[in-house]
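**Student:** just to be clear, the model below is a prediction. Sequence and coordinates:
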Amino acid sequence: MQIQWDDSQPIYLQLRDRVQNMILEGNLAEGEALPSVRNVSAEYQLNPITVSKAYQLLVDDQLAEKKRGLGMFVVDGAKNKLLQQERELFLNTELPALLRKLKRLNITREELLDALDKEESDNG
């Protein structure tokens with residue numbers, strides 16, 4: 001886990017977000033153990049309480065579970081749950097903001113579609 005911390009939000013939230021992204025990207029599979037609190041805190045020079053707080057948020061969101069004596073594990077269905085949350089966030093928050101900006105900048109649907117097609121061909 002290569003992590004760059006910033007001042008935009010508390011580190012425990014940034015760590016939670018990073019683990020969520022790892023699940024979405026398939027770097028942490030369902031049923032797989034999360035790195036131990038001790039390992040994460042040592043590797044990134046974080047207070048173990050900070051790591052525990054991030055992991056507890058994952059448990060609270062039913063994305064991870066504690067297995068006594070074994071550690072924390074990604075629960076079955078976590079990736080689909082996160083994907084659904086991300087889709088809802090995009091459709092309900094980010095897309096409307098993007099549409100407002102497009103309107104404000106007077107970018108037409110055709111210009112947007114042309115830019116999307118160009119982006120796909122450049123990265124495809």
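**Tutor:** Perfect, I can see it now.
**Student:** what segments of this protein are helices?
**Tutor:** 11-24, 37-43, 48-60, 78-89, 95-104, 109-123 (DSSP state H).
**Student:** against residue 114, how distant is the most centrally placed residue in the chain?
**Tutor:** By C-alpha atoms, centre = their mean, the chain has its centre lying nearest to residue 21, at 3.3 Å. Distance check for residue 21 against residue 114: by C-beta to C-beta, to the nearest Å, it reads 30 Å. Backbone N, C-alpha and C define where each C-beta goes, glycine included.
**Student:** residue 43 too?
**Tutor:** Taken as C-beta to C-beta, the span from residue 43 to residue 114 is 45 Å.
**Student:** low-confidence stretches in the protein?
**Tutor:** Within the chain, the stretches with pLDDT under 70 are 1-2, 124.
**Student:** mind giving me the domain split of this protein?
**Tutor:** With domains defined by automatic domain parsing, the chain comprises 11-76, 79-123.
**Student:** right, so those: which one is the most enclosed?
**Tutor:** domain 11-76 (a mean of 16; mean count of other C-beta atoms under 10 Å).
**Student:** how about residue 22: what's its closest non-neighbour residue?
**Tutor:** Distance criterion C-beta to C-beta, 6 or more residues apart in numbering; nearest residue to residue 22, sequence neighbours excluded, is residue 28 at 4.4 Å.
**Student:** check the contact between that neighbour and residue 34; I expect there is one.
**Tutor:** Yes. Between residue 28 and residue 34 a contact is recorded at 6.9 Å, counting by C-beta atoms under 8 Å.
**Student:** done for today, thanks.
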